[in-house]
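J.: Below: sequence and its predicted model.
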Amino acid sequence: MPGLSFVERLVAELPALFRMARKMTRSETDAEDLVQSTVVRAMEKRDDLRNEERMRAWLFQVQRTVLLNGVRGAARRFEVIQGGTGAEPPEPSEDLEEEILRRSFDDRVTHALDAMPPEWKEALLLREVEELSYEEIASVQGSPVGTVRSRLARARAALFEGLSEANQESAVHHGKM
Amino acid sequence: MARCDEFDNVSAWHDGEVNPVEATRIEAHLASCAFCRGAADFLAQTRQSLRRSARADVPARAVQTAKSLHEPARPRRRLALATLLAAASLGVGAALLLSRGGIAQAMADELVSHHLRGFAREKPCELDSSDPAVIARWLSQRLGYAVTVPSMPGAKLLGARLCQLEGDRTAALMYMQDDKPVTVFVPRPGSSAAVAAESLSRGEVRCARAPLGNRICAKTAQQPMLAVAETSETTLAAALEAP
């Protein structure tokens, strides 16, 4: 995003930071705390960003450090962020049965995701949701690319084995989702 | 279900992280391996599921918070136009005077960041004490310069910690005033933070707006110091104005 200031690009990446924070903390409040602290830390460390095109990966790296160091409810304590808890989940679609099956599948995926080691979960989300390359995930996690490849395969194997039953059930009812 | 040895390669293929030769080989394998075909379908389904359930909405207040970091810290008392004109006529740059009336954005960011992170710690103070003499002695021993611990009427002294402001080790005194955390930074004389305090203060207690709804007030009566809190300028200035 050429021509934009650091803060403008930071604001543009807030959806990705919130998406990842919600998945990693499983709490709206903790996610807000985490993003809040990440924003402050990113402002503080902005000179460390060498390649502006890799800002998203860099922000995830900052957020990861903040998360590992513990947020400890800073934003709650200071009431920096005030107000409600954000948007409501989407309304069910017209095809209610399909929607229920889809949500059931999503719930199982979420449950299986929460049960796996945090590094696997993080790698999977960075790849599947944020569409980061293996190299970018490696820079976020501070691990070799080969380790990222292995983590992703293990995470997927865990999901596949854990959800194969749900997957088959879904396929029987509606074919491929 | 028995797992195929090619699963890891199918995972990388699913991500497009294999070279063309490898991709051709894996696709040929998929044509002959029911397990891997099922796995590839499943990976596509889970990708959709993960994207579906990933809420990306951003609370408006979070955007405001991020944008507020960009707002320049403004002095509470602006220089009168007549003063600027007079300064210009004397050959003094108006921009220089304006910068002296406030506090640099980078310094404001750093003060607020240290303030927030200090109180966000499990144990905010490195030294827990409400005794100004004990704190002054503890800080002076570690920093090598005398530190005045202001009494701050209406605020409870919690203790102190050390921090780095633009590379200089600095005393951070921690108070609680009406359930609001307050940090008073007492920098080494001559350091950039001390110069910032002198520039903002200009001999009296003066305040500036700072990121995240905080205020920064400075005074130099005993030695340069900068107080940071998310409170009103009046409240913070009144506490700092005490002798």
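T.: Received the coordinates, thanks. Only a predicted model underlies this, so the values are computations on that prediction, with no experimental measurement involved.

J.: so where's the chain uncertain?
T.: All of this is about chain A. The model of chain A has pLDDT under 70 over residues A:1-3, A:70-96, A:164-177.

J.: wrong chain, I was asking about chain B
T.: For chain B (pLDDT under 70), the answer is B:1-2, B:68-101, B:121-122.

J.: Domain parsing of it, as residue ranges.
T.: According to automatic domain parsing, chain B comprises the domains B:7-52, B:72-241.

J.: Need the winner for burial among those domains.
T.: By mean neighbour count, with neighbours taken as mean count of other CB atoms under 10 Å in any protein chain shown, domain B:72-241 ranks first of the domains of chain B at a mean of 18. Backbone N, C-alpha and C define where each C-beta goes, glycine included.

J.: Check whether it comes near chain A.
T.: Yes - counting by CB under 8 Å from any CB of the partner chain, chain A has neighbours in domain B:72-241: B:109-110, B:112-113, B:116-117, B:119-122, B:181, B:211-213, B:230.

J.: Could you look up the SS state of residue B:125?
T.: Here residue B:125 is recorded as coil under DSSP: H, G, I helix; E, B strand; the rest coil.

J.: Distance check, the nearest residue in space to it that is not next to it in sequence against residue B:218.
T.: The shortest distance from residue B:125 to any non-neighbouring residue, by CB to CB, 6 or more residues apart in numbering or on different chains, is to residue B:159 (3.0 Å). Distance from residue B:159 to residue B:218, counting by CB to CB, to the nearest Å: 22 Å.

J.: same check, this time on residue B:199
T.: Taking CB to CB, one finds residue B:199 at 8 Å from residue B:218.

J.: okay, and the common contacts of the two?
T.: Listed as contacting both residue B:199 and residue B:218 by CB atoms under 8 Å, 6 or more residues apart in numbering or on different chains are residue B:103.

J.: which residue does chain B bring closest to chain A?
T.: residue B:120 (3.4 Å; CB to the nearest CB).

J.: So what does residue B:20 look like in phi/psi?
T.: Torsion angles at residue B:20 (phi, psi; degrees, to the nearest 10) stand at phi -60, psi -40.

J.: er, residue B:156 actually
T.: The phi/psi pair for residue B:156 (degrees, to the nearest 10) is phi -100, psi 130.

J.: what residues are up against it?
T.: Residue B:156 neighbours (CB under 8 Å, 6+ apart): B:130, B:175-177.

J.: and these, which of them are in strands?
T.: Among these, the ones falling in strands (DSSP state E) are B:175-177.

J.: What are the boundaries of the helices in chain A?
T.: Assigned by DSSP state H, chain A shows helices spanning A:6-12, A:14-25, A:28-44, A:55-69, A:74-78, A:96-115, A:118-128, A:134-141, A:145-174.

J.: Quick check: which of those is nearest to residue B:144?
T.: helix A:28-44 (26.0 Å; CB to CB).

J.: what about that closest one, near chain B?
T.: Yes - using CB under 8 Å from any CB, a contact is recorded between helix A:28-44 and chain B, made by A:32, A:35-37, A:39-41, A:43-44.

J.: residues of stretch A:36-50 that come out buried?
T.: A:36-44, A:46, A:49 (16 or more other CB atoms under 10 Å in any protein chain shown).

J.: coming back round to it: between the residues of helix A:28-44 next to chain B, which sits nearest residue B:14?
T.: Nearest member of the residues of helix A:28-44 next to chain B to residue B:14, counting by CB to CB, is residue A:35, at 29.2 Å.

J.: wait, the residue of chain B closest to chain A sits on residue A:37?
T.: Yes - if you go by CB atoms under 8 Å, residue B:120 and residue A:37 touch, sitting 7.3 Å apart.

J.: Look through chain B and tell me its longest helix.
T.: helix B:34-52.

J.: Okay, angle between that one and helix A:118-128 too, please.
T.: 80 degrees (axes from the mean of the first three to the mean of the last three CA atoms, to 10 degrees).

J.: what packs against helix B:34-52?
T.: helix A:96-115, helix A:118-128, helix A:145-174, helix B:7-14, helix B:20-32 (3 or more CB pairs under 8 Å, 6 or more residues apart in numbering or on different chains; DSSP states H and E).

J.: Can you add distance to residue A:10 and give the domains of chain B back as TSV?
T.: Formatted as TSV, the domains of chain B follow (distance: least, CB to CB, whole Å):
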stretch	distance to residue A:10
domain B:7-52	23
domain B:72-241	13
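
J.: Residue A:158 is nearest to which of those?
T.: Comparing the domains of chain B by their distance to residue A:158 (CB to CB), the top pick is domain B:7-52, with 10.9 Å.
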